[in-house]
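Q: All I have is the shape, not the residue letters:
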Ligand code: NAD
Ligand code: ZN
């Protein structure tokens, strides 16, 4: 008998332009007399007073800007948690930013109630206690981090998420206004994370009607905004925000594939960020995803996107080995892409040959 996954979903979501204005009311129900809310905000907004005015900070609350130069590290999560717990009762953690900040917020909320280092919990269902109330507010769309059951962290030995039933946000605020000013290249890289989630899920061996129903919708939305339309407008932001949500839902019940396996290797070895890493990799995967890669190249051209080249040049043999091992170790991703006998068709030599093209 198949052991079907029984996973939680985000229980509350508010959607709409300027819906962030209702955040104060939404979180007030969770405030206690002596507790505080913690707002973790992308450092991109540090000097943007217009943006910061939308955040309902009360006298006791804490506002912390999150430096996302690097993807979230377990040491950064631990450091923030350690400072916060010294300041008294935390009623909730609200993450406002891209996938990196959303993952930081989920991880910090969990680590307030679970002892030790977040690196002890990288894996599946290792979290023992429910975290404090946590809210996710994306300012960049595509990763699906707003809906997922994981908080991806880079630790001392691996890049792996805190995957647990306690990880999903208790509340999400989807306000398309918040993503309207993202620069074209960044918006594309993160949007393509969503596009690649769809292709990997829809062509994978783990596909089922549940995943397909979300994946097809997300793919259609991506194609609509990046191929059919010639100008970026409010409608594009709204569609991209929903594509990210559906793309995340699609992989919740299936899995990603080769682009993600190779992108994880790049990220671990070279620090390449997730969205751009996926794009760099996907550009060379025509053998595995012919239709998806053809369409991807069309979108890159239409939107005049810069994709870095030559990023794996000059690696030492030791670095090659580490990077290839990280990618090869992503077993479920290879299984999804190539089937249970994936080792017959994918070798470490082949992985190296693919990386050498990048
Ligand atoms: P990001 O959060 O790393 O942000 C990328 C850049 O965009 C940063 O410089 C940031 O400051 C900036 N930015 C954010 N909002 C902006 C705005 N409104 N205007 C202008 N700039 C803005 O990028 P991302 O692609 O959203 O997230 C990548 C991270 O998400 C990675 O750490 C990856 O591991 C993680 N991820 C998580 C999941 C999950 O399910 N939890 C899934 C996929 C990816
Ligand atoms: Zn992804």
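A: That came in fine, so what should we check first? No experiment lies behind these values; they were computed from the predicted model shown. Ligands and ions are numbered 1, 2, ... in the order given.

Q: rest of the way, CA atoms for contacts and neighbours
A: OK.

Q: Show me which residues of the stretch 151-300 of the chain sit near ligand 1.
A: 151, 152, 178, 179, 181, 182, 183, 190, 274, 275 (C-alpha under 6 Å from any ligand atom).

Q: Which of the residues you listed ranks first by neighbour count?
A: Highest neighbour count within those, by other C-alpha atoms under 10 Å: residue 151, with 27 neighbours.

Q: circling back to that earlier point, need the residues of the stretch 151-300 of the chain next to ligand 1 in JSON lines with pLDDT and secondary structure, can you?
A: Shown next, in JSON lines, are those (pLDDT from 0 to 100; DSSP: H, G, I helix; E, B strand; the rest coil):
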{"residue": "151", "pLDDT": "98", "secondary structure": "coil"}
{"residue": "152", "pLDDT": "95", "secondary structure": "strand"}
{"residue": "178", "pLDDT": "98", "secondary structure": "helix"}
{"residue": "179", "pLDDT": "98", "secondary structure": "helix"}
{"residue": "181", "pLDDT": "94", "secondary structure": "coil"}
{"residue": "182", "pLDDT": "97", "secondary structure": "coil"}
{"residue": "183", "pLDDT": "96", "secondary structure": "coil"}
{"residue": "190", "pLDDT": "98", "secondary structure": "helix"}
{"residue": "274", "pLDDT": "96", "secondary structure": "helix"}
{"residue": "275", "pLDDT": "97", "secondary structure": "helix"}
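
Q: Columns distance to residue 5 on top of those, output as JSON lines?
A: Formatted as JSON lines, those follow (distance: C-alpha to C-alpha, whole Å):
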{"residue": "151", "distance to residue 5": "18"}
{"residue": "152", "distance to residue 5": "20"}
{"residue": "178", "distance to residue 5": "33"}
{"residue": "179", "distance to residue 5": "32"}
{"residue": "181", "distance to residue 5": "38"}
{"residue": "182", "distance to residue 5": "35"}
{"residue": "183", "distance to residue 5": "38"}
{"residue": "190", "distance to residue 5": "27"}
{"residue": "274", "distance to residue 5": "26"}
{"residue": "275", "distance to residue 5": "27"}
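
Q: Kindly indicate which of those lies nearest residue 70.
A: residue 274 (10.4 Å; C-alpha to C-alpha).
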